[in-house]
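> A predicted structure for the sequence below; I have some questions about it.
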Amino acid sequence: MFIIYYDVGGAHSVQTAAGIHLNILPMEGIPAPADLFKMKKFDNTTKADYGRIIYAGTDEWGNKVYTLSCQYASPVVVPAVRDMHSIAGGKPHELLMVSTLSTINTLMKIGGYTSRRLGWVNFGRPIVVKGTLQAYPQIAQLVREVKKMLPRLMEDALLERAINYQEPQQEQIVLH
């Protein structure tokens, strides 16, 4: 299964969610500010990262976890990602797109804008870190809900594979 956490900038809430999902950051409690930077892209995205699906790691069940900055185009980007997944042969239940937009607070918006958009990292970073730590319980709750759904989704994917299983055909070599 592919799990993609997405938001506007891809630098803060999605990085935190992916870190929690991958057990890099704790599910319970609030981490130290420095711990947020265990995610290499936390407050470290550039314009080149916008619209790119960035691999974050593999979870304990073997699911690939990614992050995505949609900018303000998620109504267009998310369906395009789903369609591309389908075109590439993926089944709908093998892709989970998770928006972290509901977890973003005002400090994260102000700090993220000044740090990432304006490039005022020394000014914006402390603000976005404070905002992220304030939002941390909501981000952790979102990830908790995702992880609670995963066993059922993975079971559906296994059932689908079992139903559609076909014995591999042995290749025949024909000489002319």
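Thanks, I have it.
> Longest helix in this protein, please.
Across the chain, the longest stretch assigned as helix under DSSP state H is helix 121-163.
> For that helix, which helices and strands make contact with it?
Applying 3 or more C-beta pairs under 8 Å, 6 or more residues apart in numbering; DSSP states H and E, one finds that helix 121-163 contacts helix 13-21, strand 95-99, helix 106-112. Backbone N, C-alpha and C define where each C-beta goes, glycine included.
> now for the ones you listed, which one comes closest to Ala140?
helix 13-21 (5.5 Å; C-beta to C-beta).
> ok, residues contacting the helix or strand just after that closest one?
Sequence-wise, the next helix or strand downstream of helix 13-21 (DSSP states H and E) is strand 53-58. The contact list for strand 53-58 (C-beta atoms under 8 Å, 6 or more residues apart in numbering) reads 4-5, 10, 15, 18-19, 21-22, 24, 39, 41, 64-68, 81.
> Now do the same contact list for the spatially closest residue to Lys109 that is not a sequence neighbour.
Spatial nearest neighbour of Lys109, excluding adjacent residues (C-beta to C-beta, 6 or more residues apart in numbering): Gly131 at 7.7 Å. By C-beta under 8 Å, 6+ apart, the contact list for Gly131 reads His12, Asn105, Thr106, Leu107, Met108, Lys109, Ile110, Gly111.
> With that, I have no additional questions.
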